[in-house]
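K.L.:
Pasting the sequence and the predicted coordinates here, then a few questions.
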Amino acid sequence: MAWKEFRFVRDGKAALVWKIEQNGDTYRTQHGQLDGAMQEYSDTPGSKGLTDSAAFITPIYNCTFHVSREIRKKTENGYIEYENGKPLTEQIDGIDFDKPLPKCFCSYKPQTSITDVALAKLHKDKRDRYSRKYDGCCHVLVHHTYGWEVYTRRMDETTSRFPKLIGQLNELKQFGKGTIIVGELMCLKPDGTDDFKAISRFCRSIPEESRRLVKHGDIHEPIFVMFDTLFHNGRDLKNKTYDDRSKLLKTLPPLQSVIDYEIATADKPFYKNEFRIVSVDYYDLTPDTWEAFAKEAGWEGFVVTDGLAKSGNKFYSFSGKAKRPKGCHKLKPEFTEDCVVFAASQGTGKRLGRVGALWIKQIDPNTGKFVSYGKVGSGFTDEDIDFFSEKVKELDVPFIKNEREASKIDMENNYDLVIEIKYSERQEDTNKFRFPVFLRLRTDKGPKECVANI
DNA sequence: TTCGGACTGG
DNA sequence: TGCGACGTGA
DNA sequence: TCACGTCGCACCAGTCCGAA
């Protein structure tokens, strides 16, 4: 079968090329820059469902499904199909407020970290601005020529979930047509910490169900916390400084000012009024104080931004992927703990035939017994993967696929395999790690020393 | 009723 | 959400 | 040589949907 070719043209840089070819039950992709070296990957998805059942899908049919899904993904990220070096359609590179935003539009994101040196310099120059980082769902508000619309981060139009929000947006005269605002949709617990579960449930349910959840009081009406303005009254703000842009946000009350903890009860909202559009909270912090402050409050962390930074071409993109401009960084407290490996999962793709992830357990301090706290698959180098693939073979560590198989394993049987991981927090009910990352092997520690810090 | 795949969001 | 691998170009 | 950009692979929790 012939290759299908797609390209993504960039300003002042070589175009990106992506090709895909299906051969029976296997497909290959190639990617790289135009006229540059290409990297190749291939996959054989295999069949799906039980043989002889109505749902059985042949390997070839399943492969075709995977291929069309890959093509859809690339198309949604702004790639255009090419034939004989000619584009079949036109690539999107601007915003038309008469139309819905394209799927490939994407706002910038903060960089995942900042070095101590860089942060110290920002502070010394008095350019560091600290805003709280929220744990909600990122959304984009757009004032089209035909009114306000709400979009998810992936540019799915979701306005019908937010009748109240739209009504309130229409009263904000400072944001005219041709405005794009990015922010976080939030639910709060009575103690003021972020309720990610609640907002997640609201955003994932079908719109009618979302509204029903609010009506029945299962979830409070979400609040929208603005953290930046990309376009204002038709003007692109990519060459404005952060301080300039934040003047717009400061025309709204910050989140903290609309909450009254005194009136909060388990089932009663604790907002001072009905208004659900606020600005981020700014804090007067320093490189030495932010971490303790965040841990004490139980918050995700902060975003530190250079007040004089301009984002330029990294302000937004039409590639479906967030750019990370200079001068905007996350500050997240980090936690590390030791865990015992009790099983492994088979890898796929480039980890095929090797270990994909390690299942980890710790001693629950309340019962003194070992409990599974999930698995870790990130943070491994290629050498680490080779090392652990050998090690699990040597120690005869079982391979398992899911939690059900994990529950059949005798947790009190220990392999002498202790690793240190870092994570951002533990999940609320299960105490499993959220975003676990492998750090290093601990040969100096024994299984009995791995007690969960909960 | 239960389970797994597809998908999304972090 | 996280990370590492890889190719490219300053 | 190193920074940057892109890609691919891994995590947990949740909803929806269809099949067993």
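P.N.:
Now that the structure is in, tell me what you want to look at.

K.L.:
Write out the residues of the stretch 301-450 of chain A neighbouring DNA strand C.
P.N.:
A:330, A:332, A:377-383, A:424, A:435, A:437 (CB under 7 Å from any atom of the strand). Where C-beta positions appear, they are placed from N, C-alpha and C, glycine not excepted.

K.L.:
Which ones among the residues you listed lie within helices?
P.N.:
Applying DSSP state H to these, the entries found in helices are A:382-383.

K.L.:
Make a PyMOL selection of the buried ones in the residues of the stretch 301-450 of chain A next to DNA strand C.
P.N.:
A single PyMOL command selects the buried members of these (16 or more other CB atoms under 10 Å):
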select buried, chain A and resi 330+332+377+380+424+437
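
K.L.:
Among the residues of the stretch 301-450 of chain A next to DNA strand C, which one lies nearest to A:Gln30?
P.N.:
In terms of CB to CB, no member of those lies closer to A:Gln30 than A:Asp382, at 21.2 Å.

K.L.:
Now do the spatially closest residue to A:Gly24 that is not a sequence neighbour against A:Gly46, distance only.
P.N.:
Nearest non-adjacent residue to A:Gly24, counting by CB to CB, 6 or more residues apart in numbering: A:Ile60, 5.9 Å away. To A:Gly46, A:Ile60 is 10 Å away according to CB to CB, to the nearest Å.

K.L.:
quick one: common contacting residues for those two?
P.N.:
Residues touching both A:Ile60 and A:Gly46 by CB atoms under 8 Å, 6 or more residues apart in numbering: A:Asp25.

K.L.:
so what's A:Lys126 scoring on pLDDT?
P.N.:
pLDDT for A:Lys126: 92.

K.L.:
quick one: the longest helix that chain A contains to chain centroid distance?
P.N.:
Ranked by residue count under DSSP H, the longest helix found in chain A is helix A:59-76. Averaging C-alpha positions (CA atoms, centre = their mean, to the nearest Å) puts helix A:59-76 23 Å from its chain's average.

K.L.:
Stretch A:218-237 too?
P.N.:
With CA atoms, centre = their mean, you get 18 Å for stretch A:218-237.

K.L.:
nearest spatial neighbour of the residue in the stretch 301-450 of chain A positioned nearest to DNA strand D, skipping sequence neighbours?
P.N.:
Nearest residue of the stretch 301-450 of chain A to DNA strand D (CB to the nearest atom of the strand) works out as A:Gly349 at 2.0 Å. Counting by CB to CB, 6+ apart, A:Asp43 is the residue found nearest to A:Gly349 once chain neighbours are left out, at 6.8 Å.

K.L.:
Report the contact partners of that neighbour.
P.N.:
A:26-27, A:66, A:349.

K.L.:
Show the pLDDT at it.
P.N.:
79.

K.L.:
And it, its phi and psi?
P.N.:
For A:Asp43, the backbone dihedrals are phi -150, psi 150 (criterion: degrees, to the nearest 10).

K.L.:
now it: how far from A:Asp116?
P.N.:
Distance from A:Asp43 to A:Asp116, by CB to CB: 41 Å.

K.L.:
for A:Asn273, same thing?
P.N.:
From A:Asn273 to A:Asp116 the distance is 41 Å (CB to CB).

K.L.:
and what of A:Tyr82?
P.N.:
A:Tyr82 is 46 Å from A:Asp116, by CB to CB.

K.L.:
Wait, A:Phe162 touches A:Val150, no?
P.N.:
Yes. Between A:Phe162 and A:Val150 there is a contact at 5.2 Å, judged by CB atoms under 8 Å.

K.L.:
Who has more neighbours out of the two?
P.N.:
A:Phe162 (24 against 20; other CB atoms under 10 Å).

K.L.:
Tell me where the stretch 1-150 of chain A has strands.
P.N.:
A:4-10, A:13-23, A:26-33, A:38-43, A:80-83, A:86-87, A:106-107, A:128-133, A:137-144, A:147-152 (DSSP state E, counting those that start in this stretch).

K.L.:
and which of the residues of the stretch 301-450 of chain A next to DNA strand C is nearest A:Glu208?
P.N.:
Closest to A:Glu208, out of all of those and judged by CB to CB, is A:Phe435, at 32.2 Å.

K.L.:
A:Ser424 is in contact with that closest one, correct?
P.N.:
Yes. Counting by CB under 8 Å, A:Phe435 touches A:Ser424, with 4.8 Å between them.

K.L.:
Low-confidence ranges, the stretch 201-350 of chain A, go.
P.N.:
For the stretch 201-350 of chain A, the stretches flagged by pLDDT under 70 are A:264-269.

K.L.:
show me where it has strands.
P.N.:
Using DSSP E, counting those that start in this stretch, strands in the stretch 201-350 of chain A cover A:223-232, A:235-236, A:277-279, A:282-283, A:301-306, A:316-317, A:328-331, A:335-346.
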